[in-house]
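1. this one's sequence-less:
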């Protein structure tokens, strides 16, 4: 990436949402969630995103939406 420093995600362990994410038992969901946080942090930092970072953000967003819709459908079927 040239001279740009590599982005690093730092989480505030005092944040209630971060604490809940740390207790997620589903490894795939935890990974998707952290990837979404990373992408959101890049957006908030207003730094240019690489194609792979943009793809990661898109994948995590779609994965979280899919999970939410799937869980909602399962709840409605019960």
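-> Structure's in. What do you need? None of these values were measured; they are calculated from a predicted model.

2. end to end, how far does stretch 20-30 reach?
-> Distance between the two ends of stretch 20-30: 10 Å, counting by CA to CA, to the nearest Å.

3. again with stretch 10-22
-> Stretch 10-22 end-to-end distance (CA to CA) = 13 Å.

4. So the closest residue to residue 19 other than its chain neighbours: helix, strand or coil?
-> Excluding the flanking residues, the one nearest residue 19 by CB to CB, 6 or more residues apart in numbering is residue 13, at 6.8 Å. (Glycine included, C-beta is placed from N, CA and C.) The local conformation at residue 13, judged by DSSP: H, G, I helix; E, B strand; the rest coil, is coil.

5. Local confidence estimate at residue 13?
-> Residue 13 is assigned 91 on the pLDDT scale.

6. residues near it, how many?
-> Other residues within reach of residue 13, judged by other CB atoms under 10 Å, total 8.

7. what about residue 27, how many neighbours?
-> Residue 27 has 8 neighbouring residues, counting by other CB under 10 Å.

8. I'd like to know how far it sits from residue 77.
-> Going from residue 27 to residue 77 by CB to CB, to the nearest Å gives 25 Å.

9. Quick check: the residue nearest to residue 19 vs residue 60, distance?
-> Separation of residue 13 from residue 60 (CB to CB) stands at 21 Å.

10. circling back: I figured the residue nearest to residue 19 hits residue 23, correct?
-> No. At 12.0 Å, residue 13 does not count as touching residue 23 under the criterion of CB atoms under 8 Å.
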